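Asker: Quick one: sequence and predicted model below, then my questions.
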Amino acid sequence: MTTPSDAGSRIVVMGPSASGKTTLARALARTLGARYLEGDELHPAENVQKMRSGIALDDADRAPWIDALGSALCRDSTQAVVATCSALKRRYRDKLGAIAGPLVFIHPVASRQILSQRLAIRAGHYMPAFLLDSQLADLEPLAPDEPGFVIDGALSVDLQVALVRSRLGL
């Protein structure tokens, strides 16, 4: 997969719930001296309530969230930013790029079993574990022409950060 020449300036760590997006994004932001942006915090209240109620989000639900994240990504063009967003579908990733400019997507991939185990022990999040299957059904893997790459989400965070830095030439 390709990476844009300014790949280090705007990174989106993507994937379904429990893929390690937040953990990796925070570590990357810290390592790169970048601003960290938690995509889940930009969900409209209606989306959060739906997920808490066990209702999977659809494209119409996700549209204002993608818009808000895209705008937040380009708020300060002078500072690198690492954000989290499930970005499950290609059209979401394309829309984020259209709003925010060049992005690179990092997808830590883990098996369904690992994702389920992580969800079972996670506390304090509104996403119920039983919605994982709907996210996996919606997930469209990064295509070869998209700016980004896949890493092994079962590796330690330190190894994931090292791999990302290496792939980005940082």
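Answerer: Structure received. Numbers count the residues shown, from 1 in each chain.

Asker: Distance of the nearest residue to Arg112 once chain neighbours are set aside relative to Pro16?
Answerer: Closest residue in space to Arg112, ignoring its immediate chain neighbours: Leu136 at 6.5 Å, by Cβ to Cβ, 6 or more residues apart in numbering. For glycine as for every other residue, the C-beta is placed from the backbone atoms N, C-alpha and C. Relative to Pro16, Leu136 is positioned 6 Å away (Cβ to Cβ, to the nearest Å).

Asker: got a pLDDT number for the residue of the chain positioned farthest from its centre?
Answerer: With Cα atoms, centre = their mean as the measure, the chain has its most outlying C-alpha, relative to the mean C-alpha position, at Ser53: 22.4 Å. The per-residue pLDDT reported for Ser53 equals 83.

Asker: measure it to Ala18 for me?
Answerer: Look at Ser53 and Ala18: by Cβ to Cβ, they are 19 Å apart.

Asker: How about Leu88?
Answerer: 13 Å.

Asker: Just want to know which of the two has more residues nearby.
Answerer: For Leu88 against Ala18, the residue with the higher neighbour count under other Cβ atoms under 10 Å is Ala18, and the figures read 24 against 21.

Asker: quick one, phi psi at the more buried one?
Answerer: Phi and psi for Ala18, reported as degrees, to the nearest 10, are phi 70, psi 10.

Asker: Name the nearest residue to it, sequence neighbours excluded.
Answerer: By the measure of Cβ to Cβ, 6+ apart, the closest residue to Ala18 outside its immediate chain neighbours is Arg118, 3.8 Å from it.

Asker: re the thing from before, how about residues contacting the strand or helix carrying the residue nearest to Arg112?
Answerer: Secondary structure here is read from DSSP states H and E; on that basis Leu136 sits in helix 132-138. Under the contact criterion Cβ atoms under 8 Å, 6 or more residues apart in numbering, helix 132-138 has outside partners 16-18, 56, 86, 88-89, 112, 115-116, 119.

Asker: Could you list the alpha-carbon positions for the longest helix along the chain in PDB?
Answerer: Assignment by DSSP state H gives helix 59-73 as the longest helix of the chain. C-alpha atoms of helix 59-73 as PDB (Å, rounded to 0.1, in the frame of the first residue of the first chain):
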ATOM      1  CA  ASP A  59     -24.100   4.900   7.300                       C
ATOM      2  CA  ALA A  60     -26.500   7.700   8.100                       C
ATOM      3  CA  ASP A  61     -25.500   7.600  11.800                       C
ATOM      4  CA  ARG A  62     -21.900   7.600  11.000                       C
ATOM      5  CA  ALA A  63     -22.000  10.500   8.500                       C
ATOM      6  CA  PRO A  64     -22.000  13.400  11.000                       C
ATOM      7  CA  TRP A  65     -19.300  11.700  13.000                       C
ATOM      8  CA  ILE A  66     -17.100  11.300  10.000                       C
ATOM      9  CA  ASP A  67     -17.700  15.000   9.200                       C
ATOM     10  CA  ALA A  68     -16.800  16.100  12.700                       C
ATOM     11  CA  LEU A  69     -13.600  14.000  12.800                       C
ATOM     12  CA  GLY A  70     -12.500  15.200   9.400                       C
ATOM     13  CA  SER A  71     -12.900  18.800  10.500                       C
ATOM     14  CA  ALA A  72     -11.100  18.100  13.800                       C
ATOM     15  CA  LEU A  73      -8.200  16.500  11.900                       C
END
